[in-house]
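Novice: Make a model of this:
(chains A and B)
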Number of protein chains: 2
Amino acid sequence: VAQDDGARIRSIIKHLPPVNQARLIESSTPPTRRLLWANIADETQPEVLTELSEDIQSQFLERMEASEVAAATEGLETDDIVDILQQLPENVIQDVLQEMSWQDRHRVERVLSFDEDTAGGLMNTDTITVRPKFTLDVVLRYLRRHDDLPNTTDSLFVVNSGDEYVGTLPLSRVLTSDPSMTVREVMVTSVEPIIATATDREVAQLFERNDLVSAPVVDSNGCLLGRITIDDVVDVIREDTDHNMMGLAGLDDDIDTFATVRKSLPRRALWLSINLLAAFTSSTVIKMFEATIEQVVALAILMPIVASMGGVAGNQTLTVVIRGMALGQISRSNLGWLLRRELTMGLINGIFFAVSVGIMSYFWFGAWTLGLVIGLALIFNLLNAAIAGTVIPLVLKSMKIDPALAGGMIQTTATDVLGFLSFLGLATIFYG
Amino acid sequence: VAQDDGARIRSIIKHLPPVNQARLIESSTPPTRRLLWANIADETQPEVLTELSEDIQSQFLERMEASEVAAATEGLETDDIVDILQQLPENVIQDVLQEMSWQDRHRVERVLSFDEDTAGGLMNTDTITVRPKFTLDVVLRYLRRHDDLPNTTDSLFVVNSGDEYVGTLPLSRVLTSDPSMTVREVMVTSVEPIIATATDREVAQLFERNDLVSAPVVDSNGCLLGRITIDDVVDVIREDTDHNMMGLAGLDDDIDTFATVRKSLPRRALWLSINLLAAFTSSTVIKMFEATIEQVVALAILMPIVASMGGVAGNQTLTVVIRGMALGQISRSNLGWLLRRELTMGLINGIFFAVSVGIMSYFWFGAWTLGLVIGLALIFNLLNAAIAGTVIPLVLKSMKIDPALAGGMIQTTATDVLGFLSFLGLATIFYG
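Specialist: Take a look at the predicted model:
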């Protein structure tokens, strides 16, 4: 039966373009994945591999010999080869490099020397360069000697005899300008080249703000090293926004949807353990008021409301602040305004919900003290949520801790603990 | 003093490129924003306006006359004009259209007729078209008659005499092929044109999968209507991922970081009201066990742990499933596998945390019954979280409700209610 399956799978996937083969693998469970991968033709494996997410790439690469990896990456763009190699342990990378042609190895080593999250790690080395003194006619004849231009080539780069970047020559200008003009006259110099050590987030902002399709990358001396193309920047943007959402749930952002239990469990269990500490802290606070609860059991019934309202309000503030920080919009100058706005909303919502919950509690339990206590505690906890949601991500960032990762948990703990404390504390005063 | 400020601001922003002026406005509080906008030169206003987020655009547009809007959008690309007009009420749009030149109005009306979230709403009408029978030499001479090509032009589109799309002619091919060849011989026909009614999410997936820079848009008869460029697709991708994160916190995804209290409050208050209903449901469940809690106050102290652990575990599952759905990876065929994986992790984590929490509770309160009850309730609630986190987004999607928006709240309610119910219910049995 398994043999039959193989034949059927082969006949189905044979006709799909590599990018769809990759999507199919990503949308499959691990056993199906192995079956699919085994049935992909050797010559399409490189292209399929680059389209897979890093997590899945490394699953396949783990089972390969160095020579197989070298074969599976042959003919790929430099940045794609580097992306794949970076999934491997250091000693395996060296083995794979030995299996490559001299030219490929040289190009790959240059990009590998940069950190994965920098402009250098994102770049390709397939630039087409021209000299400023050429006429466009010479450029046109030079281009016609190529079979085709590298993917996503919208401009050529202009370098001087010392390989220093001096400008960009968009293909559209080559096509629309008088062929007798020189490159120097036609080139664009308004685009600043990207330094290889710039972070990938900076690169993404530059592309987004200037609607770029490709941009030159230079070293600290201004020498042209390569270029970054929009398709790789799109991946950075996807990962960047994904990171915030996954981080808030305590998840690893490059974990694959169909990761196995073995892969997913450690991170999930770790997060639950941290939450357990937070929950025990809340319980310790509640235990301080054991006597009051014994006296008025209604407190135990109503106390989750105060904590839960604070948690939801705090999460709203936190999410707005984390997104604002990711977009680079929040600074010392507007922080005060932001905190005032959150406190204003906390106060308005606090008063509104204090009155409604207070009245409901009075009717439910027939005790006006209870309504007053829960009302006051709600106002306090919504103000607390406004402060916690604004301040926690900023403090974490200044401590170089990822706010998207730790922020949600700390904020919930703050609104839980202070919610229980204010509600039960006030009750003890009023009933004491 | 305000006059001085004006002069200082003018001198600072005058030297910034429009895109940075827009970033500055977005990173400012509302009062500063109005000051900045008033000091931006009339001729740069259009470009700054298109770079602003929709929420902020509409704040400025609200204060403008129809003729001012027409002036502030003059010279923009069609899709940018349409994006801006879509922030206005229907009758104002008509007024603005009357103020435009005939040609602009015609182009804008064509794009306006499509929904904002479709390929038609994303497209630009600035395509350059050629006929299949032309030689490249003719194409080259035709292009040289242009001053420059529209932004982000990486290919020309090939149409027949009936304006039907027949293929794409990449600029790189124009440059590298023999000028005596015809367009028909050189053009690419492997790229399917996008139907104008396709959703923006489908467009984004197509661009991402095929690393496109621009793509043709056609009507249902295959006639070329316009083209979509990667810079607009990048905005769609940003919004799409933002949407999931903001939705999970109950926030509007195009709300601006510095939105005023008046703008932010209704949505936040609505979300807190829904949460209040959920919290009251939990309280009603707890009230059912009032007698048991009166007897064993330790239950009130420990019960938040069961709810909180379930909430965190459920949120992890939910986030993974919502992301998987957004990436189009989850279908009926792999749902069973996914649910089994989540249940397996729920069971393993459940047993592990049941034992640890059970032992801690025993030492804390000196009652083995309590340890047993909380352990069993934890296992039950982590299994419940696995099911809720997987099934809720899928059910919501099949009901055409946005899972990112409603999923988090429903999931938390499920783990809270069933957490309290299982813990207090088991306690009532054991202590009853």
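Novice: Now do the nearest residue to A:Thr135 once chain neighbours are set aside, the pLDDT please.
Specialist: Of all residues not flanking A:Thr135 in the chain, A:Thr182 sits nearest, at 5.4 Å (C-beta to C-beta, 6 or more residues apart in numbering or on different chains). (C-beta placed from N, C-alpha, C; glycine too.) Here the pLDDT value assigned to A:Thr182 is 96.
Novice: Would you agree A:Thr182 is in contact with A:Phe134?
Specialist: Yes. The criterion here is C-beta atoms under 8 Å, and A:Thr182 meets it with A:Phe134 at 6.5 Å.
Novice: Now do the contacts for the residue nearest to A:Thr135.
Specialist: Applying C-beta atoms under 8 Å, 6 or more residues apart in numbering or on different chains to A:Thr182 gives the contacts A:132-136.
Novice: If we use 10 Å, what do you get?
Specialist: A:131-139 (C-beta atoms under 10 Å, 6 or more residues apart in numbering or on different chains).
Novice: Would you mind identifying the next helix or strand past the longest helix that chain A contains?
Specialist: Scanning chain A for the helix with the most residues, using DSSP state H, yields helix A:332-365. Using DSSP states H and E, the helix or strand that follows helix A:332-365 in sequence is helix A:368-398.
Novice: Compute the inter-axis angle for that next one and helix A:332-365.
Specialist: 150 degrees (axes from the mean of the first three to the mean of the last three C-alpha atoms, to 10 degrees).
Novice: And chain B, is helix A:368-398 touching that?
Specialist: Yes. Using C-beta under 10 Å from any C-beta of the partner chain, helix A:368-398 reaches chain B at A:378, A:382, A:389.
Novice: Buried residues in stretch A:59-66, which are they?
Specialist: Under the neighbour-count criterion of 16 or more other C-beta atoms under 10 Å in any protein chain shown, stretch A:59-66 has A:59-61, A:66 buried.
Novice: what is the rounded mean pLDDT of it?
Specialist: 84.
Novice: Ends of that stretch, what's the gap?
Specialist: Stretch A:59-66 has an end-to-end distance of 15 Å (C-alpha to C-alpha, to the nearest Å).
Novice: these two touch, right, A:Arg268 and B:Thr319?
Specialist: No. At 11.0 Å, A:Arg268 does not count as touching B:Thr319 under the criterion of C-beta atoms under 10 Å.
Novice: residues in contact with the nearest residue to A:Ser361 once chain neighbours are set aside?
Specialist: Leaving out its chain neighbours, the residue that sits closest to A:Ser361 by C-beta to C-beta, 6+ apart is A:Gly371, at 4.6 Å. Residues near A:Gly371 by C-beta under 10 Å, 6+ apart: A:302, A:354-355, A:357-365.
Novice: cutoff 6 Å now
Specialist: A:358, A:361-362 (C-beta atoms under 6 Å, 6 or more residues apart in numbering or on different chains).
Novice: What count of nearby residues applies to A:Ile387?
Specialist: A:Ile387 is flanked by 17 other residues according to other C-beta atoms under 10 Å in any protein chain shown.
Novice: got it, and the one 3 residues further on?
Specialist: The burial metric for A:Thr390, expressed as a neighbour count using other C-beta under 10 Å, is 24.
Novice: that older thread, which one of the residues of helix A:368-398 next to chain B is nearest chain B?
Specialist: A:Leu382 (8.3 Å; C-beta to the nearest C-beta).
Novice: can the residues of helix A:368-398 next to chain B go into JSON lines with extra columns for pLDDT and neighbour count?
Specialist: JSON lines is the format used below for the residues of helix A:368-398 next to chain B (pLDDT from 0 to 100; neighbours: other C-beta atoms under 10 Å in any protein chain shown):
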{"residue": "A:Leu378", "pLDDT": "97", "neighbour count": "30"}
{"residue": "A:Leu382", "pLDDT": "97", "neighbour count": "31"}
{"residue": "A:Gly389", "pLDDT": "96", "neighbour count": "29"}
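Novice: follow-up on the earlier one: and the buried residues of stretch A:59-66 near chain B, which?
Specialist: Near chain B, judged by C-beta under 6 Å from any C-beta of the partner chain, there are no entries from these.
Novice: Out of these, which sit inside strands?
Specialist: Counting by DSSP state E, no part of the buried residues of stretch A:59-66 is found in strands.
Novice: Closest one of those to chain B?
Specialist: Among the buried residues of stretch A:59-66, and counting by C-beta to the nearest C-beta, the member closest to chain B is A:Gln59, at 15.2 Å.
Novice: got the contact list for that closest one?
Specialist: Taking C-beta under 6 Å, 6+ apart as the definition, A:Gln59 has no contacts.
Novice: got the end-to-end distance for stretch A:392-406?
Specialist: OK, stretch A:392-406 end separation, C-alpha to C-alpha: 9 Å.
Novice: For chain A, which segments are assigned as strands?
Specialist: Under DSSP E, chain A gives strands at A:129-130, A:155-159, A:165-170, A:194-195, A:214-218, A:224-229.
Novice: on that earlier part again, which strands or helices does the longest helix of chain A pack on?
Specialist: In terms of contacts (3 or more C-beta pairs under 6 Å, 6 or more residues apart in numbering or on different chains; DSSP states H and E), helix A:332-365 is packed against helix A:368-398, helix B:261-287.
Novice: now A:Glu157, which residues is it bridged with?
Specialist: No, residue A:157 isn't Glu; it's Phe. Per DSSP bridges, residues listed as beta-bridge partners of A:Phe157: A:Thr129, A:Thr168.
Novice: Do I have it right that it meets A:Thr127?
Specialist: Yes. The criterion here is C-beta atoms under 6 Å, and A:Phe157 meets it with A:Thr127 at 5.3 Å.
Novice: the more surrounded of those two?
Specialist: A:Phe157 (23 against 20).
Novice: Could you check how far that one is from B:Ile348?
Specialist: Between A:Phe157 and B:Ile348 the computed distance is 54 Å (C-beta to C-beta, to the nearest Å).
Novice: now do A:Ile93
Specialist: In terms of C-beta to C-beta, A:Ile93 sits 34 Å off from B:Ile348.
Novice: okay, the two: which has more neighbours?
Specialist: Neighbour totals were compared for A:Ile93 and B:Ile348, and A:Ile93 leads with 19 against 15 (other C-beta under 10 Å).
Novice: hmm, back to that, can you redo the strands of chain A as CSV with mean pLDDT?
Specialist: Below are the strands of chain A laid out as CSV (pLDDT from 0 to 100):
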stretch, mean pLDDT
strand A:129-130, 96
strand A:155-159, 95
strand A:165-170, 95
strand A:194-195, 96
strand A:214-218, 96
strand A:224-229, 94
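Novice: what's the closest of the ones you listed to B:Arg105?
Specialist: Closest of the strands of chain A to B:Arg105 is strand A:165-170, at 30.5 Å (criterion: C-beta to C-beta).
Novice: what's the domain layout of chain A?
Specialist: Per the record, chain A has its domains at A:2-117, A:129-248, A:261-431, by automatic domain parsing.
Novice: May I have the distance across the second one, first residue to last?
Specialist: Domain A:129-248 has its terminal residues 45 Å apart, counting by C-alpha to C-alpha.
Novice: who touches the closest residue to A:Val139 other than its chain neighbours in this structure?
Specialist: Spatially, and ignoring its direct neighbours in sequence, A:Val139 is nearest to A:Val130 (5.5 Å; C-beta to C-beta, 6+ apart). Applying C-beta under 6 Å, 6+ apart to A:Val130 gives the contacts A:139, A:156, A:158, A:183.
Novice: Please apply the same query to A:Leu225.
Specialist: Going by C-beta under 6 Å, 6+ apart, A:Leu225 touches A:196, A:217, A:219.
Novice: one more time with 7 Å, if that's ok
Specialist: If a contact means C-beta atoms under 7 Å, 6 or more residues apart in numbering or on different chains, then A:Leu225 has A:120, A:123, A:196, A:217-219 as its contacts.
Novice: roughly how far apart are A:Gly250 and A:Leu347?
Specialist: Distance of A:Gly250 to A:Leu347, computed by C-beta to C-beta: 31 Å.
Novice: The two - which one has more neighbours?
Specialist: For A:Gly250 and A:Leu347, the more surrounded residue by other C-beta under 10 Å is A:Gly250, and the numbers stand at 22 against 15.
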